[in-house]
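S.K.: what would the 3D arrangement of this be:
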Amino acid sequence: MTPSWAAGAGLLLRYALRRDRVRLPIVVVVLAGTAALSSAATAALYPAAAEQIAAVGAIGSSPALLAVYGPLTGGSLGALALWKLGVSGAVVAAVVAVLTVVRHTRAEEDCGRAELVCSAPVGRHAPAMSALLTAGGFALALAMTTGVALAVTSVPWADALAFGAAWGAAAVAFAPVGLVAGEAAGSARVATTSAVAVVFASYLVRAIGDAAGGGRAWLVALSPVGWAELVEPFGRHRWWWLAASLGLALVCTAVAGSLRARRDFGVGWLPARPGPSRASRLLHRPVGLVWRRTRGSFAAWAVGFVLLGALCGSVTSQLGGLLDSPQMQRVVAGLGGRQAVSDAFLAAEFGLLAGVASVVVAAAVLRAADDERSGRADAVLATPVSRARWLLAQLAVAVVGGVLLMTGAGLAAGVARGAGVGHLWPDVGQCLVAALAQTPAVVLVASVALALYGMTRRAAIGVWLVVAGFILVAELGPALGASRWILDLSPFTHVAHLPGGVYDPVAAAWIVVVSIWFALVGVAAFRRRDIA
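M.R.: Okay, the predicted model is just below:
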């Protein structure tokens, strides 16, 4: 007898939740905790109502700020505190939902587990349903945890729940996009890249609509990322925009179901193209093989870094009343050294981009764990390639990729800043040096990821806790008045904060030395352990 279309979905859901029992809670806690800490810290930055009004006015008059972060609706302290996190948090939630769905659907087909599962009495659509339910559970947990965390920091309950619901709605809207991409693409890698590209395209459409103001405001309504700001958590609470996210999810789910019913198992509607008949000479070496597998991901991130760098560079000439608060000037100056406020702001933004780059390079290093799990590492190590050489190839590609990301951001910021003030080349060089000054911290994160993976493949999950701790300490520690020993735990507090700051070659050299030590520890441990 043919099983029903959803037979076995409950068991698959339990399996998916077990696999993500660490990954998704970490994301929820980090996002909700960041929002709560930002809310608590802003009260000290803008204690006077006049300073809050000046900051709100400065944000509304800057097209560049509107493009990067979206508009600030409402004049409450909570709105000002969470303005920068509204859209960016929605993008992060959407990307996590996409990765979750692809991981439990298309990736399962690629590795062969889905074929084994579907040979049992399991409905054809059960894997997709369990993946969507997992992503939906993540969205609900994120919305509720964020709302409660904000309410604890004295944000009104209605505003807090609306803000959390906007983040959760973004995850709900884009989770089925990952499902559609998995049905259409020929592999999990292509599906992930395509779905994440849709998320960032939605962000770009929203950015154009917000920056253009009334003339392009309709673009915000076309972007699912823009729906998070249209909810107006600190304004009119337009809850009906949450229904738009649910409507898009239902449409994409129906499309994915239709595609799944008409395609062969293990292939997509857009099958992978056959490779060239002769391999490139680059593939004769482990570094070339690793670069071949990661170049698409780094290329996509490079585009995002260039766009964000250009937007940050153009913002510096439009800060105005945003930094009129003496407390805010002290915090930003603490992040960027003793320099002009605009330079300190740009230095702080480079610090944020370095944090994102550290996430990218850590993920690149941890591709080794995927290779080990899938058996590709066995095939490479069966050749005359030593374990140390293979593992260091992962680190080398990740480090080069991180440097290229920061280089692109620095060049774009310098061009945008120089075009605004009329002296292009000095600003390009200054911003490029400022961006590259952050790279030692990025290299250290890659080395820590290598060390943890070298010890055991299961320990690699701890990388994300370490990276999240580094970023939170560096970004929120100064605003919260954290002790010096706590700030010293993050490598991002030891790098030079340029432009305008003082470059300390000794500190940079020590970070490099520590990075080399972590890399050697990882290689030594990897040479002595079994490969799963």
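
S.K.: pull the longest helix from the chain.
M.R.: Secondary structure of the chain per DSSP state H: the longest helix is helix 387-421.

S.K.: flag every buried residue along that one.
M.R.: The neighbour-count check on helix 387-421 (16 or more other C-beta atoms under 10 Å) flags 387-388, 390-420 as buried. For every residue, glycine as well, the C-beta is placed using N, CA and C.

S.K.: report all helices and strands that it contacts.
M.R.: helix 286-315, helix 341-365, helix 367-374, helix 376-381, helix 424-436, helix 439-455, helix 505-528 (3 or more C-beta pairs under 8 Å, 6 or more residues apart in numbering; DSSP states H and E).

S.K.: who are the packing partners of the fifth one?
M.R.: Looking back up the chat, that one is helix 424-436. Looks like helix 424-436 contacts helix 286-315, helix 341-365, helix 387-421 (3+ C-beta pairs under 8 Å, 6+ apart).

S.K.: give the other helices and strands that the second one contacts.
M.R.: Using 3+ C-beta pairs under 8 Å, 6+ apart as the contact test, the elements touching helix 341-365 are helix 286-315, helix 326-336, helix 387-421, helix 424-436, helix 439-455, helix 462-480.

S.K.: how far off centre is it?
M.R.: Relative to its chain's centre, helix 341-365 lies at 11 Å (C-alpha atoms, centre = their mean, to the nearest Å).

S.K.: same question for the first one.
M.R.: Relative to its parent chain, helix 286-315 has a centroid offset of 13 Å by C-alpha atoms, centre = their mean.

S.K.: now swap in stretch 164-179 and tell me
M.R.: Taking C-alpha atoms, centre = their mean, the mean C-alpha location of stretch 164-179 is offset from the chain mean by 15 Å.

S.K.: for stretch 366-381, same thing?
M.R.: For stretch 366-381, the distance to the chain centre is 24 Å (C-alpha atoms, centre = their mean).

S.K.: just stretch 133-152 next, same as before
M.R.: Using C-alpha atoms, centre = their mean, the offset of stretch 133-152 from its chain centre is 18 Å.

S.K.: now it: mean pLDDT?
M.R.: Averaging pLDDT along stretch 133-152 gives 91.

S.K.: do stretch 385-400 as well
M.R.: On average, stretch 385-400 scores 90.

S.K.: per-residue confidence at the residue positioned nearest the centre of the chain?
M.R.: For the chain, the residue nearest the mean C-alpha position is Val92 (5.4 Å; C-alpha atoms, centre = their mean). Per-residue confidence (pLDDT) for Val92: 89.

S.K.: can you pull the contacts of it?
M.R.: Counting by C-beta atoms under 8 Å, 6 or more residues apart in numbering, Val92 makes contact with Val27, Leu31.

S.K.: next secondary structure after the helix or strand hosting it?
M.R.: Using DSSP states H and E, Val92 sits within helix 77-104. Proceeding N to C from helix 77-104, the next assigned helix or strand is helix 106-111, under DSSP H and E.

S.K.: distance to Ser483 for the helices and strands packed on helix 424-436 - can I get that in TSV?
M.R.: Below are the helices and strands packed on helix 424-436 laid out as TSV (distance: least, C-beta to C-beta, whole Å):
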stretch	distance to Ser483
helix 286-315	30
helix 341-365	19
helix 387-421	29
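
S.K.: the ones you listed: which one's closest to Ala139?
M.R.: Among the helices and strands packed on helix 424-436, the nearest to Ala139 by C-beta to C-beta is helix 341-365 (20.7 Å).

S.K.: got the angle between the closest one and helix 439-455?
M.R.: Angle, helix 341-365 to helix 439-455, by axes from the mean of the first three to the mean of the last three C-alpha atoms, to 10 degrees: 20 degrees.

S.K.: now helix 341-365: mean pLDDT?
M.R.: On average, helix 341-365 scores 82.

S.K.: would you mark the buried spots in it?
M.R.: Applying a neighbour-count criterion of 16+ other C-beta under 10 Å, one finds 341-365 buried in helix 341-365.

S.K.: tell me which of the helices and strands packed on helix 387-421 sits most buried.
M.R.: Among these, the stretch with the highest mean neighbour count (mean count of other C-beta atoms under 10 Å) is helix 439-455, at a mean of 26.
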